[in-house]
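Participant: Predicted model and sequence below, questions to follow.
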Amino acid sequence: MCYILKPYFETFLKETGKEHYKILSEKIKPLLRKGKSFETKLLTASQSTEKVNKAYNQSHTISIIVETKSGRLIKLLFDNDLSLTDWEEALDELMNFVIENYESPNDNRIEKLAKGLEEHQNFKYYAVINGETKRIEFYDDKKLLNKTRNKK
C-alpha cells in the first residue's frame, strides 16, 4: 500500500508544481507492475467460503491512498481483470484530480464525483476503475459494499 498524505501535496505543489506529480507517478508505476504480477488468495479461518465474496476482484497486493486538501482519504483500488495500462492511467487520473483539489479545494472533480457520498469523517472514499469506461468512479463504504454484493 502506498500512502501519499496532505503535507506532501501541499509542500510540493508550492515548490515544484505539477512537474513533481509526473515524477511521483513514474516512481509509483513500478509498484503497480510489481503488484500486478502477484497472485493472491484469501484464506478464511473456517472451511466456509461464504465469507469470501468471489465477485470482489480488487487487488489484495496494491492500493494507493491519497489525502485531499480537506483531509479526506481516497483509496485507489485496482481491478485484477484490468490491464497494467488501465491501472497506470487510473493512477495518472487520480493524481490529476488531487492536483486540482489542492489548487481549487471547493471546485474540483473530486468534490463533484464525491457528491452524494457519505460524509462521515471516519469513512474513506474509494476510487474504483470502471471496467467499461476505464475512468475512476468514487464510492463510500456503503456504496462499495452494495456494488460488490450486486456483482455476485
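Facilitator: Sure, I can see it.
Participant: Find the least confident helix or strand in the protein, judged by mean pLDDT.
Facilitator: Ranked by mean pLDDT, DSSP states H and E, the helix or strand of the chain with the weakest confidence is strand 2-4, at a mean of 56.
Participant: remind me which residues of the chain are low pLDDT?
Facilitator: 1-20, 42-55, 121-122, 151-152 (pLDDT under 70).
Participant: Now do the SS call for the residue positioned nearest the centre of it.
Facilitator: For the chain, the residue nearest the mean C-alpha position is residue 76 (0.8 Å; CA atoms, centre = their mean). The assignment at residue 76 comes out as strand when based on DSSP: H, G, I helix; E, B strand; the rest coil.
Participant: Show me what it is bridged to.
Facilitator: Beta-bridge partners for residue 76, by DSSP bridges, are residue 64, residue 127.
Participant: show me what contacts it?
Facilitator: 63, 64, 65, 66, 90, 91, 94, 126, 127, 136 (CB atoms under 8 Å, 6 or more residues apart in numbering). The way it works is simple: take the backbone N, C-alpha and C, and place the C-beta from them, glycine included.
Participant: what about 7 Å?
Facilitator: Contacts here follow CB atoms under 7 Å, 6 or more residues apart in numbering; on that basis residue 76 touches 63, 64, 90, 91, 94, 127.
Participant: Among these, which one has the most neighbours?
Facilitator: With neighbours taken as other CB atoms under 10 Å, the top of the contacts of residue 76 is residue 127, carrying 26 neighbours.
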